[in-house]
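Asker: Take this sequence and fold it.
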Amino acid sequence: MFSPRTHVVTDRAGTGTARRLLAGTLARSRVGSAAVWLALGGVAFALGEAGSLIGLPAPHLLLALLVGAAASLSGAVKQQLPKPAAVASQAGIGVLMGSYITPASLQSAGPAALPMTAATVLTIGLCLAAGSLLARWGRTGLADGALSLVPGGSAAVVAAADDLGADSRLVAFSQYFRVALVAFTAPLVAFAMHPATGGNTGTGGTPLWDDPHQIVHLSQNTHQLAGVLMLAAVCILGVKAGRHISMPAPALLGPMVITALFVFTGTAQGFAPDGVLRSILFVLVGLEVGLRFTWASVRSIGRLFPHVLLWTVAVCFACGGLAWAFSAALGLPLLDAYLATTPGGINAVLATAASLDANLPAISTVQSIRLFIVMLLTPPLISWLSRKNTPKPALAAATPAKHLPVVTESAVS
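Answerer: Residues are numbered from 1 along each chain as shown. Here you go, the predicted model:
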């Protein structure tokens, strides 16, 4: 017979073996997952390099979006882009955009920034009006319709949907569908307006196989290691600062603001991502958008999909018309006006502007202002509209239940 001590030793040995087996299984799972992501990113990057050969605008962004959507819809990849990769890509894009905000560029962008900011306010109004029509035609709640088409901060809008009395599934699909549509069409429309010249047809410039030295060219600094270390430090500091002060889209705007301060004051320069690293950032942005589309998300909205499609496309055309009107009335370049007034898709729009000869300081300023306005005004506005459209008790008693608006009073003040 075994003594109690023998039982304890046996149990401990069994527990240790189980832990080792579990640790080994988890390690193999992580390795397999990493291999899948590397393969997916590698395919998207290679296609982007090939796209740059045929003059495709923003090829790493566009083709990565298609690769991500295909992988998600086919079931080959059933996860979203890992959060660290998504945050890193947004922070890198933020640094890239902030590096363009110099005293000289702001002086040249000044005359265009104010009228385009007015245009972006009208863009928000158009989207909210379309959202109310989506709610009416689709027979859904006003909060559902408005949040589905609000132009910007898609992740934050989706996160706040439940608190604002909206269907988070409908809002999530509509928001990411809008972002994908803008991300896919903006480079094509911009390229049609202003074809790139001198081989600058995409975000990566010369294909990697034509200039293998690009693989070690990661920043705009002549000393690559110093540039990359400074880039990493600004990204980390910017993301933490953005989260600390509750900035909308902190991973993007935090590093952008800190970079702009460094560059504007001359404190530090030459650390923005460049070459192959910039192309990788655009690949990650494209994959993040594309991977959000699954058959489950499509089925979840069912009969509302035609309405979402109709009003999303209508909003894009309306914003394009608004850009044309402002361009004609104020003498602004149509390319700048269009990229500044798109209904969201800030990462893709800024990537497109960076790959073409656009007024990037003005575009990034206006797009950032739009994002701030949307994040600051959307919760109280939706709350007010929901209360306004909720029937009073006396009216509710006299109205058949099936005709009551599907909205709830928001808990957000």
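Asker: The stretch 151-300 of the chain: helices as residue ranges?
Answerer: Taking DSSP state H, counting those that start in this stretch as the test, the helices found in the stretch 151-300 of the chain are 154-160, 168-193, 224-244, 250-265, 275-290, 295-301.
Asker: which of the ones you listed has the lowest average pLDDT?
Answerer: When the helices of the stretch 151-300 of the chain are ranked by mean pLDDT, helix 154-160 comes last with a mean of 66.
Asker: that older thread, would you point to the one among the helices of the stretch 151-300 of the chain that's packed deepest?
Answerer: Most buried of the helices of the stretch 151-300 of the chain, by mean neighbour count (mean count of other C-beta atoms under 10 Å): helix 275-290, with a mean of 26. Placement of C-beta: from N, CA and C, glycine included.
Asker: Can you name every helix or strand that it contacts?
Answerer: Contacts defined by 3 or more C-beta pairs under 8 Å, 6 or more residues apart in numbering; DSSP states H and E place helix 275-290 against helix 4-53, helix 59-73, helix 83-98, helix 168-193, helix 346-355.
Asker: Any chance of JSON lines for the helices of the stretch 151-300 of the chain, columns distance to Ile363?
Answerer: Supplementary listing: the helices of the stretch 151-300 of the chain in JSON lines, determined by distance: least, C-beta to C-beta, whole Å:
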{"stretch": "helix 154-160", "distance to Ile363": "19"}
{"stretch": "helix 168-193", "distance to Ile363": "10"}
{"stretch": "helix 224-244", "distance to Ile363": "20"}
{"stretch": "helix 250-265", "distance to Ile363": "13"}
{"stretch": "helix 275-290", "distance to Ile363": "16"}
{"stretch": "helix 295-301", "distance to Ile363": "30"}
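Asker: Which of these sits closest to Trp324?
Answerer: Comparison of the helices of the stretch 151-300 of the chain against Trp324 by C-beta to C-beta identifies helix 168-193 as nearest, at 10.3 Å.
Asker: Counting by contacts, list what that closest one packs against.
Answerer: Helix 168-193 sits against helix 59-73, helix 142-149, helix 154-160, helix 275-290, helix 295-301, helix 305-330, helix 334-340, helix 346-355, with contacts defined as 3+ C-beta pairs under 8 Å, 6+ apart.
Asker: for those helices, which one sits closest to Lys240?
Answerer: helix 154-160 (17.7 Å).
Asker: residue contacts, Gly98?
Answerer: The contact partners of Gly98, by C-beta atoms under 8 Å, 6 or more residues apart in numbering, come to Pro255, Met256, Val257, Ile258, Thr259, Ala260, Phe262, Val263, Ala272.
Asker: could you redo the last one with a cut-off of 10 Å?
Answerer: 234, 238, 252-264, 272, 364, 368 (C-beta atoms under 10 Å, 6 or more residues apart in numbering).
Asker: Could you report the distance from it to Ala260?
Answerer: For Gly98, the distance to Ala260 (C-beta to C-beta, to the nearest Å) stands at 4 Å.
Asker: list the residues that contact both of these two?
Answerer: In contact with both Gly98 and Ala260: Ser364, Ser368, using C-beta under 10 Å, 6+ apart.
Asker: returning to what we had before: next, format the helices and strands packed on helix 168-193 as CSV and append distance to Trp37.
Answerer: Formatted as CSV, the helices and strands packed on helix 168-193 follow (distance: least, C-beta to C-beta, whole Å):
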stretch, distance to Trp37
helix 59-73, 10
helix 142-149, 30
helix 154-160, 20
helix 275-290, 9
helix 295-301, 21
helix 305-330, 29
helix 334-340, 30
helix 346-355, 19
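Asker: Please identify which of those helices is closest to Gln175.
Answerer: Comparing the helices and strands packed on helix 168-193 under C-beta to C-beta, the one sitting nearest is helix 154-160, at 4.0 Å.
Asker: one step back: quick one, which of the helices and strands packed on helix 275-290 is packed in tightest?
Answerer: Ranked by mean neighbour count, those are led by helix 346-355 with a mean of 26 (mean count of other C-beta under 10 Å).
Asker: which helices and strands sit right next to it?
Answerer: Judged by 3 or more C-beta pairs under 10 Å, 6 or more residues apart in numbering; DSSP states H and E, the packing partners of helix 346-355 are helix 59-73, helix 83-98, helix 168-193, helix 250-265, helix 275-290, helix 334-340, helix 360-389.
Asker: Could you point out which residue ranges in the stretch 301-413 of the chain have low pLDDT?
Answerer: The stretch 301-413 of the chain contains residues with pLDDT under 70 at 375-376, 378-379, 382-383, 385-413.
Asker: so which of the helices of the stretch 151-300 of the chain gets nearest Ala58?
Answerer: Checking the helices of the stretch 151-300 of the chain against Ala58 by C-beta to C-beta gives helix 168-193 as the closest, at 3.8 Å.
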